[in-house]
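Undergrad: coords please:
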Amino acid sequence: MAFITISGKEFNPASCTFEIETLDTENSGRSLDGLMHRDVICTKISLQLEWNNISVEEMSSLLTVLSDTFFTVRYFNPISGTWATDTFYCGNRTVPVYSCINGKIVYNAGFSVNLIQR
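TA: So this is what the prediction gives:
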């Protein structure tokens, strides 16, 4: 089983960091006495995925599934402690510097991308 599935394609990144973000309304903030008041809208998860070495084929497959505006992701949710499926979108994608060795493209650096829950 893959660590993460994006649009039905399985991937195994070298690392995954979860960021849990709570979104507040503009009415949230501190009052004059310093007490915090929160009007919470929702909680969202961001997945920060990294690959140390990635093949040309896997990079192509990954960039293809990330090209959709929104996509389905199956991942382990640390809040529920279970596998979950949600809709995500991605941040900017920067493809690492590569070289051409004996006519074959080789990625010399890792690849990272942030997936943000819709």
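Undergrad: which residues touch residue 8?
TA: residue 72 (C-beta atoms under 8 Å, 6 or more residues apart in numbering). For glycine as for every other residue, the C-beta is placed from the backbone atoms N, C-alpha and C.
Undergrad: How about residue 16?
TA: Residue 16 sits in contact with 3, 4, 47, 48, 49, 50, 75, where contact means C-beta under 8 Å, 6+ apart.
Undergrad: Make a ChimeraX selection of whichever of those turn out to be buried.
TA: Only the buried members of those enter the following ChimeraX selection, criterion being 16 or more other C-beta atoms under 10 Å:
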select :4,47,48,49,75
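Undergrad: list the helices and strands the longest strand anywhere in the chain packs on?
TA: Looking across the chain with DSSP state E, the single longest strand is strand 40-51. On a contact count with 3 or more C-beta pairs under 8 Å, 6 or more residues apart in numbering; DSSP states H and E, strand 40-51 meets strand 15-24, strand 71-77, strand 111-117.
Undergrad: let's see it at 10 Å
TA: On a contact count with 3 or more C-beta pairs under 10 Å, 6 or more residues apart in numbering; DSSP states H and E, strand 40-51 meets strand 4-6, strand 15-24, helix 56-65, strand 71-77, strand 82-90, strand 111-117.
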